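J.: pasting the structure only:
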């Protein structure tokens, strides 16, 4: 009898314990729900389809870029979050024009057409094009060594390869992107007629990779383009047999006056600390030669998906969760600069800013950047979350570059977080006609959105005071 | 003067220390060289191109399977390793025949063709096909509940979906593969005329996924096929409006007598412990409807690449390193059973067997399987290697299923290791016409080969006695 009573007393307690165990709003449970929501009901993939297929390439200043602003605004509006608005900014307006042409002419082979694209910001050739002998270099510093006498009137061809040995392909890109950006003025300094470079991709294929370049004051502007890796190999092979081979080059690009555009911003107000912001972002603009699927349609739809998941699961964050769709990352970062200027002017307190701009691949982890005073502390804070995210394959936590747009927030004391997906395939698509919707895998994209949402939830819930799991 | 002398004495010492630091054959240095070799000079991708494009689908018993045996043998021969031989085995010989046909006929919609493929081992329909009403089920146990009266003469359509919520897509597959394997006899038990199922893939598309099935003694054999996920949705939608809709089904598959075939085996003899074997493997056979690129061309070329990397870097392993190209994983595992039988007969001492059969995607880690006596110990041994492989993104170490072929070695005390790449995309391609060469990324494939080579090197060097890094 005594035991029966004891049993009757214990029964409801164990029931409560059981219920707590399965339904309690622990961080673990909520993160599981976030992934479930993304994987079962995710809308990022369908949103990306529209952005890629109905709008397409959307370089700053283009009608498509303007369309993408409206599209992003409307989707965020439909989520019924607390605030949605456009933040105006002026953007450069560079237009590629007719398809570029390049042809190798050699006494040995006759002629061969090569796939080329103008680099962003490049001037055009004259109407009939340029025809000139080609000098191949592997590094920009070879141009100075060649000197004016040899370079004058020639086309400089930088054939530097991406280093295949890096495990993170962004390290390979870092080793080459300076050549793209600074190659033309360096060649022009010694009298070159034009500058072309091997496309920045690991894979040997026929797609030329565009990307931005810049001119320098007091150095003449010369046309700058990138040829496909396949044609770079071909050109190099022809030059080794026929150093007198010439290249005929024709580009029609043009720079128009700046145009008005906008960032799109939406947020869910924090219930407890509304002035503390956790921000998530990507960039709306994309190069005109593809659909901007991985760069950065993926980051855009993932950032919007974070808010959608919060609303779908009825999560009321303690801190304000903000989604920023930046304009003009590719050729000017005017949106990012304007956002940072306004944030500073308002004295906003953004604890963490996340940017997804490395493609819609399987999520692996995060980089953390910030001023010397805070970066180690913030990395340590993020690392504490590892046990919660490990079941989802998130294992990478490193100090390092975060994102092109959010970097402007660093000096305001913001901890800038780069969202890091698997990098192996990124530079097969980056800035090429090949960066299309079909290259994105639905599950990989939605897993990324879930990972961002989980991180945002944890940061909005715990701020800088997360004590670690009790497990 | 004293100081000058001291300096002269110290100089060579510091030079030696410096040289040791950069060139010393530490495990760390050698693993870096393995990855460099794979990423810069890897031959796996070109080998895979040949296997997929020149040989193609290669189901056991087919001329293509025989060709793949010769091809594998010749590539391994060219590596000038110590031993290369074919290990004969008999294999089933099932042939798909003419392209399968299926058509939904409904008074509401008229008719619609659906993409279908016969499941491996299925019998054909009769010459003119079957036409019968369709009953949709979500689980096989619904068939028994429906009972003979309702099932008799009907086509059972299992529309069970892969569970999108699993992070590892192989967990989703595990939840469905039994329905494919056992569905037909279960339906036949209650008098069904045929069994079809929703293809085992997460993505909704038009590719039907084949795979093996089996009949049971004393239960009549009925035709079994899989329809694409897109058409499964369509059929389900039609049935919800018109339960009297019928399906016309025509399949021409046929089973012929067993044929002789072979595993291909190659090895580099160990210098110190030649009788202790570290084995790496994949399977040569692949379904006939695609090119077998991810399943399992990738595992084959990676396994061969392990030996190539050893030879290219001049690594003389202390233990014997063996590469096994299994035959008949897909529909019989006869090669695996024969390999295990011979290994047992010879009393071979295989410490670790690795199988790569989850696609040529970015490597993430390993599962370890074995008898209860050894599995925890072997997992612990593998986990100790984590600091060495972490720079290459290898972070996943779990007890769990290893591989279909190597599982037969478990009861011989072998620690069986599943090589685990990222799983998100695997079931978009698995067993479909879509499993083609272009779906494999060169870097991901070669990263996998390097990871396998690094693991094999460490196990061959240290066996079970690895003490961990000193870092």
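T.: Perfect, thanks for sending it. All values derive from a computational prediction rather than experimental measurement. Numbering: from 1, shown residues only, chains lettered A, B, ... in the order given.

J.: In terms of helices and strands, where is the residue in the stretch 151-300 of chain A positioned nearest to chain B?
T.: Scanning the stretch 151-300 of chain A for proximity to chain B using Cβ to the nearest Cβ identifies residue A:164 as nearest, at 4.6 Å. Bear in mind the C-beta positions are built from the backbone N, C-alpha and C, glycine included. Assessed by DSSP states H and E, residue A:164 sits outside every helix and strand.

J.: ok, now which ones touch it?
T.: Contacts for residue A:164 (Cβ atoms under 8 Å, 6 or more residues apart in numbering or on different chains) come out as A:172, A:202, B:39, B:40, B:443.

J.: at 7 Å instead, please
T.: When contacts are counted by Cβ atoms under 7 Å, 6 or more residues apart in numbering or on different chains, residue A:164 touches A:202, B:39, B:40.

J.: For the second one, which non-adjacent residue is closest in space?
T.: Same thing as residue B:39. residue A:164 (4.6 Å; Cβ to Cβ, 6 or more residues apart in numbering or on different chains).

J.: And for residue A:248, the neighbour number?
T.: Residues lying near residue A:248 (other Cβ atoms under 10 Å in any protein chain shown) number 18.

J.: residues contacting it?
T.: Neighbours of residue A:248 in contact, by Cβ under 7 Å, 6+ apart: A:102, A:103, A:105, A:129, A:131.

J.: redo that, cut-off 8 Å
T.: Residue A:248 makes contacts with A:101, A:102, A:103, A:105, A:129, A:130, A:131, as judged by Cβ under 8 Å, 6+ apart.

J.: cool, and residue A:285?
T.: Counting by Cβ under 8 Å, 6+ apart, residue A:285 makes contact with A:58-60, A:65, A:68, A:91, A:292, A:326-331, A:335.

J.: Just give the closest residue to it, not the sequence neighbours.
T.: residue A:60 (4.9 Å).

J.: Measure how buried the residue in the stretch 251-400 of chain A that chain B sits nearest to is and give me the count.
T.: Of all residues in the stretch 251-400 of chain A, residue A:395 sits closest to chain B, at 4.1 Å by Cβ to the nearest Cβ. Residue A:395 has 18 neighbouring residues, counting by other Cβ under 10 Å.

J.: So residue A:219: helix, strand or coil?
T.: Secondary structure, DSSP: H, G, I helix; E, B strand; the rest coil: residue A:219 is coil.

J.: does it really touch residue A:187, like I thought?
T.: No: look at residue A:219 against residue A:187 with Cβ atoms under 8 Å: they stay out of range, at 9.5 Å.

J.: where's the residue nearest to residue A:285, which helix or strand?
T.: Judged by DSSP H and E, residue A:60 forms part of no helix or strand.

J.: quick one: contacts for it?
T.: Residue A:60 touches A:91-94, A:259, A:261, A:285, A:327-328, A:330-332, A:334, counting by Cβ under 8 Å, 6+ apart.

J.: Let's see which of those residues end up in helices.
T.: residue A:334 (DSSP state H).

J.: now the contacts of residue A:60: which count as buried?
T.: By neighbour count, with 16 or more other Cβ atoms under 10 Å in any protein chain shown, the contacts of residue A:60 hold A:91, A:92, A:93, A:94, A:261, A:285, A:327, A:328, A:330, A:331, A:332, A:334 as buried.

J.: just checking, what packs against the one helix or strand residue A:308 maps to?
T.: Using DSSP H and E, residue A:308 sits within helix A:298-312. When contacts are defined as 3 or more Cβ pairs under 8 Å, 6 or more residues apart in numbering or on different chains; DSSP states H and E, helix A:298-312 sits against helix A:27-41, helix A:44-50, helix A:63-78, strand A:254-268, strand A:273-283, strand A:319-326, helix A:442-462.

J.: how much space between the closest residue to residue A:272 other than its chain neighbours and residue A:309?
T.: Leaving aside its chain neighbours, residue A:272 sits nearest to residue A:318 (4.1 Å; criterion: Cβ to Cβ, 6+ apart). Using Cβ to Cβ, to the nearest Å, residue A:318 is found at 16 Å from residue A:309.
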